[in-house]
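1. kindly generate the corresponding structure for this input.
(2 chains)
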Amino acid sequence: MCLGIPAQVMEIAESVAIVDVGGVRREVSVELIDDVATGDWVIIHAGFAIQKLDPEEAEKTLRLFKEIADAIP
Amino acid sequence: MRYLDAFRDPSLARALVEKIHSLGAGRPPVRVMEVCGTHTMAIARNGIRALLGGGVILVSGPGCPVCVTHDGYIDTAIALGRRPEVVLATFGDMVKVPGTSSSLEKERGNGADVRVVYSPLDAVELAARSPEREIVFLGVGFETTAPTIAGAIEAASRRGLANFSVLASVRTIPGAMDVLAADPAVRIEGFLCPAHVSAIIGSDAYRPLVEKRGIPCVVAGFEPLDILCGISMLLLQKREGAARVENEYSRVATPGGNRKALALIGRVFEKCDTSWRGIGVLPGTGLAIAEAYAAFDAERKFGIEVPLTERETACRCGDVLKGIITPRECSLFAKACTPEDPVGPCMVSSEGTCAAFFKYGVQ
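-> You can find the predicted model right below:
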């Protein structure tokens, strides 16, 4: 029930945005997040963007996977 | 899809699985509980339990909001749905859940108007389009969903929609984790904390639990590499003898969470005691609609109160929800209780532990 899907913001008009979810466009409320801009990635849940997705942190986590896998136990 | 595929890479998954094996070798198995239905499903769908070897026992907790909603709530929703003026708007997961003697699906067959919506805002739109009907949204969920329900209530208030209300059954997860952490029958040694609940409440929300109970907590995303990495991080903490909060899902969850969403929850809801199916009443783990928004509270509006009743059946959902047994240890599992004809909510909900074990043949 807490499933949230990454989506990219395509257009914003006040507190509503059109987002692209894997090629499908849908309207979501962005009233729960600050400073959202076209091109940002957000997590959508039940018709709302509930948080922004930070691309730098995503890269860090992908590096963390390798570090943990390679570390000597 | 961007931000999904990279977190599903099979070669990295193999490397993390090897790491988990080497961390577990020669040590007693570590009991790790996940408390999120989306984790439950992702673990089952990706066959993660079978990959982990003997070093980890993955236990599912009360992470499915539909599953922990008690019969009294379903019965109240059904009673409301029998009023001719009422339209029940609900997330799809609730439709098949059995109450004491019926379900929303059965009621729909008897003429009740039950509509499945994707967002609480859809229910607000329905109210705007149907001024002659009373729209009651079944507001079931955890912290992830709470701001969306609160947002719908504020939207209805702004628009002056007097025919919209919410039958709230909103729960907050850290208090339930604390109770389970203290239960010797459950024996939790590490928590895999929910991704999107944490996106709202923040990873710091688990600090009191870690300090009080000395149990490591790792916030993890829902993709296979997120889960495998989260388990590795828990095992690394156990190996060090440490207990702290770590955050694998930093791309979305921050230490402080979503302040705007938390402020909205604070405006619309207030803490209350609530009952968790199979666990009982846990003080302060519910969110009730605050006085300022009483006009949108279905309980106050219709002069009803949700009783905390539960049916007596052989169903052991309660023990499944606490991680004391796996679904296969319940005598009804896959015999008297199947997704087609469920006895308990853990088999009904698409995120229930029993449904996950049934669908993916988890042993």
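2. ok, residues contacting the lengthiest strand in chain A?
-> Counting by DSSP state E, the longest strand found in chain A is strand A:5-13. Counting contacts by C-beta atoms under 8 Å, 6 or more residues apart in numbering or on different chains, the residues outside strand A:5-13 that touch it are A:17-22, A:25-26, A:28, A:30, A:36-45, A:49, A:53, B:1-4. Any C-beta I mention is one placed from the backbone N, CA and C, and that applies to glycine too.
3. just the ones in strands from those, please.
-> Among the contacts of strand A:5-13, the ones falling in strands (DSSP E) are A:17-21, A:25-26, A:28, A:41-45, A:49, A:53.
4. so which of those reach chain B?
-> The residues of the ones in strands among the contacts of strand A:5-13 that also fall near chain B, by C-beta under 8 Å from any C-beta of the partner chain, are A:41, A:43, A:45, A:53.
5. and the two most separated of the residues you listed?
-> For those, with distances taken as C-beta to C-beta, the pair at the greatest spread is A:41 and A:45 (14.0 Å).
6. those two: who's more crowded?
-> residue A:45 (25 against 20; other C-beta atoms under 10 Å in any protein chain shown).
7. tally up the residues packed near the closest residue in space to that one that isn't next to it in sequence, please.
-> Once its chain neighbours are removed from consideration, residue A:45 has its nearest residue in residue A:4; the separation is 4.2 Å (C-beta to C-beta, 6 or more residues apart in numbering or on different chains). Residues within reach of residue A:4, counting by other C-beta under 10 Å, total 23.
8. identify the residues contacting residue A:4.
-> If you count contacts by C-beta under 8 Å, 6+ apart, residue A:4 has them with A:43-45, A:50-51, B:144, B:195-196, B:199, B:252.
9. okay, the closest residue to chain B within chain A: pLDDT?
-> The nearest approach of chain A to chain B comes at residue A:47, 2.5 Å away (C-beta to the nearest C-beta). According to the per-residue confidence, residue A:47 scores 96 in pLDDT.
10. please apply the same query to residue B:309.
-> What the model reports for residue B:309 is a pLDDT of 69.
11. can I take it that residue B:192 is in a helix?
-> No - judged by DSSP: H, G, I helix; E, B strand; the rest coil, residue B:192 forms no part of a helix; its state is strand.
12. OK, contacts around the closest residue to it other than its chain neighbours?
-> Ranked by C-beta to C-beta, 6+ apart and with sequence neighbours excluded, the top spatial neighbour of residue B:192 is residue B:34, at 4.3 Å. Contact analysis of residue B:34 by C-beta under 8 Å, 6+ apart lists B:40, B:43, B:58-61, B:63, B:191-192, B:194.
13. enumerate the residues of the stretch 251-363 of chain B near chain A.
-> For the stretch 251-363 of chain B, the contact set with chain A under C-beta under 8 Å from any C-beta comprises B:251-253, B:258, B:260-261, B:264, B:349, B:351.
14. filter the residues you listed down to the buried ones.
-> Neighbour counting over those (16 or more other C-beta atoms under 10 Å in any protein chain shown) leaves B:251-253, B:258, B:260-261, B:264, B:349, B:351 as the buried ones.
15. mind checking the SS state of the residue nearest to residue B:190 when sequence neighbours are not counted?
-> Excluding its sequence neighbours, the residue lying closest to residue B:190 (C-beta to C-beta, 6+ apart) is residue B:234, at 3.9 Å. Following three-state DSSP, we place residue B:234 in the helix state.
16. before we move on, what about the one 4 residues further on?
-> At residue B:238, secondary structure determined by three-state DSSP is helix.
17. so what's it up against?
-> Shown in contact with residue B:238 (C-beta under 8 Å, 6+ apart): B:30, B:189-190, B:216.
18. what would those residues look like in TSV with neighbour count and pLDDT?
-> Supplementary listing: those in TSV, determined by neighbours: other C-beta atoms under 10 Å in any protein chain shown; pLDDT from 0 to 100:
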residue	neighbour count	pLDDT
B:30	22	97
B:189	22	97
B:190	23	98
B:216	26	98
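19. where's the residue minimising distance to the centre of chain A relative to residue A:34, distance?
-> For chain A, residue A:42 is the residue whose C-alpha lies nearest the centre (C-alpha atoms, centre = their mean; 2.5 Å). With the distance defined as C-beta to C-beta, to the nearest Å, residue A:42 ends up 12 Å from residue A:34.
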